[in-house]
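*Asks:* could you work out the structure for the sequence below:
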Amino acid sequence: MSAYRPGWQRLLVPPRVDPWLSGALLVLVLIGLAVLHSAAAGDLAVVRSQALRDGAGLVAMLALARVPPARLRLWAPWFYAASLALLLLVPIFGTGRSGRHWLYLGAFYVQPAELMKLSVPLMTAAFLSERVLPPRWGSLAVCAAIIGLPVALIAIQPDLGTAMLVGASGAFVAFFAGMAWWRIGLIAGLGALAAPLGWGFLHDYQKRRLLTFMNPEADPLGDGWNIIQSKIAVGSGGLWGKGWGEGTQSRLEFLPEHTTDFIFAVLAEDFGFIGVCLVLALYLFIVGRSLWIAAEARDSFGRTLGASLALTLFVYVLANGGMISGLLPVVGVPMPLISYGGTSAVTLLAGFGIVLSLAAHRKFRG
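*Replies:* Alright, predicted model coming up:
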């Protein structure tokens with residue numbers, strides 16, 4: 001048995017991290033920087049900026065890997081309250097090109113909606129961990145309030161894509177808590193019946209996105225331009241791609257948002273079908289490894305939270321991949337750890353720091 005270490009000495013001990021998950025995440029970060037270099041036409045300032053943000057995310061990941069899950073459960077209400085407070089400030093002090101999404105905090109910008117992708121599943125898992133499982137209607141009603149309030153605040157920014165991801169992250173916690181299938185079916189059915197009512201609450205540009213998804217060629221120089229150029233980039237990559245930095249769709253400015261929402265189309269054009277499959281396989285490995293770690297967690301808090309964070313990444317990839325290939329509507333969801341972005345990268349890596357904490361404190365070692 002190791003001797004007792006004072007608090008300051010324990011900070012010097014390297015955290016026990018799962019080498020497979022942490023290694024896969026590091027490889028994905030490096031791939032993202034390489035693709036960003038191509039998408040930004042070799043602009044090193046953009047790459048350096050993202051590298052600093054990724055570095056901050058990796059530091060947060062390693063820091064959270066040291067924190068026991070029991071302490072994270074105690075911190076969950078405070079983190080949720082702080083994230084919600086920042087979100088409430090967005091309509092007043094927020095800024096952005098297409099709505100209010102960002103807060104300027106003096107030295108940097110932060111997107112509170114991204115913080116909710118972490119605080120909502122944390123709070124939902126912490127709440128359900130103290131309740132009888134599987135959850136009953138009373139517990140589910142409280143979960144709906146925990147999830148619904150930030151989702152509504154994000155949707156009115158407007159940022160429907162992020163709102164859907166935040167809602168999914170909380171819903172996954174309830175699902176993995178053992179929610180009965182008949183309850184899931186009933187809620188899904190009611191949601192499907194209420195979906196047509198939501199059309200009237202959509203902004204005009206959101207309605208155009210849905211209509212464009214059905215027939216992008218109806219307005220090839222207007223609303224259909226983005227998805228048409230994205231599909232051209234994906235298809236022109238062929239089997240092996242044109243080569244790193246040789247893609248023309250982004251360098252000639254045909255592909256919109258080629259460093260953010262549509263960066264995966266740049267990857268497809270540069271590295272082709274083979275490159276896309278390898279990156280998707282890496283994502284699936286990260287999801288699978290995280291689910292395995294969650295299954296080995298000590299308690300329901302760790303199991304539900306870890307599984308939710310893993311599946312949220314899967315939904316991220318599914319939404320962005322479907323968007324750039326024309327299989328899903330354009331919703332402004334970035335490709336995780338590949339798209340340019342600060343708050344999203346830090347939040348995502350911090351989430352996997354929680355998964356690494358579960359690995360370090362799970363029942364079995366090895």
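
*Asks:* give me the buried positions along stretch 244-255.
*Replies:* For stretch 244-255, the neighbour count (16 or more other CB atoms under 10 Å) marks 245, 247, 249, 250, 251, 255 as buried. Bear in mind the C-beta positions are built from the backbone N, C-alpha and C, glycine included.

*Asks:* cool, and stretch 169-182?
*Replies:* So for stretch 169-182, counting by 16+ other CB under 10 Å, buried means 169, 170, 171, 172, 173, 174, 175, 176, 177, 179.

*Asks:* show me what that stretch is in contact with.
*Replies:* Residues outside stretch 169-182 that contact it (CB atoms under 8 Å, 6 or more residues apart in numbering) are 117, 120-121, 124-125, 128, 133-135, 140, 143, 146-147, 184, 294, 300, 303-305, 307-309, 311-312.

*Asks:* burial of residue 240, as a residue count?
*Replies:* 12 (other CB atoms under 10 Å).

*Asks:* for it, grab phi and psi.
*Replies:* phi -110, psi -10 (degrees, to the nearest 10).

*Asks:* these two touch, right, it and residue 270?
*Replies:* No - assessed by CB atoms under 8 Å, residue 240 is found out of contact with residue 270, at 10.0 Å.

*Asks:* which residues do those two both contact?
*Replies:* Residues touching both residue 240 and residue 270 by CB under 8 Å, 6+ apart: none at all.

*Asks:* ranges for the strands of this protein?
*Replies:* Secondary structure of the chain, counting by DSSP state E: strands at 103-104, 109-110.

*Asks:* what pairs with the first one, parallel or antiparallel?
*Replies:* Applying DSSP bridges to the sheet, strand 103-104 is found paired with strand 109-110 (antiparallel).

*Asks:* roughly how far is the strand it pairs with from the heart of the chain?
*Replies:* Centroid displacement of strand 109-110 relative to its chain, using CA atoms, centre = their mean, to the nearest Å, is 17 Å.

*Asks:* could you do stretch 163-173 as well?
*Replies:* 10 Å.

*Asks:* how about stretch 332-341?
*Replies:* Stretch 332-341 has its C-alpha centroid displaced from the chain centroid by 8 Å (CA atoms, centre = their mean).

*Asks:* next one: stretch 183-197
*Replies:* The answer for stretch 183-197 is 24 Å, by CA atoms, centre = their mean.

*Asks:* show me the contact partners of it.
*Replies:* Counting by CB under 8 Å, 6+ apart, 137, 140, 175 sit against stretch 183-197.

*Asks:* among those, name the ones in helices.
*Replies:* Using DSSP state H, the members of the contacts of stretch 183-197 that fall in helices are 137, 140, 175.

*Asks:* neighbours of the second one, just the number please.
*Replies:* Burial of residue 140 is recorded as 19 neighbouring residues (other CB under 10 Å).

*Asks:* now do the contacts for it.
*Replies:* 174, 179, 183.

*Asks:* could I get the residues you listed as CSV with pLDDT?
*Replies:* Output for the contacts of residue 140, formatted as CSV (pLDDT from 0 to 100):
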residue, pLDDT
174, 92
179, 87
183, 85
